[in-house]
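# okay, predicted coordinates and the sequence, questions at the end:
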Amino acid sequence: MRRACLLLAIVAAATYFDLGLDLSGANVNLPTAPNVNLPGADTRSHKQCLACPHERFITHHLCADCDNLDAAANFCKYMPLPPIRNTVFFGNPRFEVKTYTSDRCGNIDGTKTAVCTMTSEEGVTGLPVFECTFLGQRCYAEHSTVTGHLFFDEIFCD
């Protein structure tokens, strides 16, 4: 299942970013086709690969233990590949697949959110240093159920 889902994510990304990959022989019609047939992979419904929330989103953006900006900075610092800029959602909000498309997942509970920026690639400890600022106290966002990509330019805070 993971192999088929990974292949689906690669095909979706290649299609979205028009990477020019040779997908000849592949029967891929995302997101409307229910099945994806790739050589060497089991036929899987693309619905089986959708995750809400997606594992990558959880790993990169959801800090269940965060309650302040220092905790958000530490969350970013200890990521396997720390980003230059990262959005961190605090707590453990509930999520749902959006009704207008199954390829998007969003939080239904507004959550405290911070934006963290790397200020130094290597601090005193040898790890990157982040400075975070609050984006809002009750923020809502959506991410891809296929890749986990956060649609950061669509975050809404009230």
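Cool, the structure landed.
# tell me, how many residues neighbour the residue nearest to Gly106 when sequence neighbours are not counted?
Nearest non-adjacent residue to Gly106, counting by CB to CB, 6 or more residues apart in numbering: Glu142, 4.1 Å away. For every residue, glycine as well, the C-beta is placed using N, CA and C. Using other CB atoms under 10 Å, Glu142 has 21 neighbouring residues.
# try Asp158
Neighbour tally, Asp158, other CB under 10 Å: 8.
# same question for Asn86.
Asn86 has 22 neighbouring residues, counting by other CB under 10 Å.
# would you agree it is in contact with His61?
Yes - here Asn86 reaches His61: they are 7.1 Å apart, a contact under CB atoms under 8 Å.
# determine the longest strand present in this structure.
strand 129-140 (DSSP state E).
# against which helices or strands is the following helix or strand past it packed?
Following strand 129-140 in sequence order, the next helix or strand is strand 142-144 (DSSP states H and E). For strand 142-144, the packing partners by 3 or more CB pairs under 8 Å, 6 or more residues apart in numbering; DSSP states H and E come out as strand 104-107.
# which neighbours in the sheet does the strand it packs on have, and how are they oriented?
Strand 104-107 has its sheet partners listed here by DSSP bridges as strand 95-97 (antiparallel), strand 142-144 (antiparallel).
# let's have those strands in a markdown table, adding distance to Leu50 and mean pLDDT.
Shown next, in a markdown table, are those (distance: least, CB to CB, whole Å; pLDDT from 0 to 100):
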| stretch | distance to Leu50 | mean pLDDT |
| --- | --- | --- |
| strand 95-97 | 7 | 95 |
| strand 142-144 | 9 | 97 |
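# what about the closest residue to Ile155 other than its chain neighbours, neighbour count?
Residue nearest to Ile155 in three dimensions, not counting chain neighbours: Ala141, with 4.5 Å by CB to CB, 6+ apart. Using other CB under 10 Å, Ala141 has 23 neighbouring residues.
# okay but Ala141 is in contact with Cys157, surely?
No - contact between Ala141 and Cys157 fails when scored by CB under 8 Å: they sit 9.3 Å apart.
# quick check: neighbours shared by these two?
Thr113 (CB atoms under 8 Å, 6 or more residues apart in numbering).
# for Cys116, list each beta-bridge partner.
With DSSP bridges as the rule, Cys116 is bridged to Asn86, Cys132.
# for Thr133, see how far away it is.
Between Cys116 and Thr133 the distance, using CB to CB, to the nearest Å, works out to 8 Å.
# which one's more surrounded, those two?
Under the criterion of other CB under 10 Å, the comparison of Cys116 against Thr133 puts Cys116 first, with 23 against 10.
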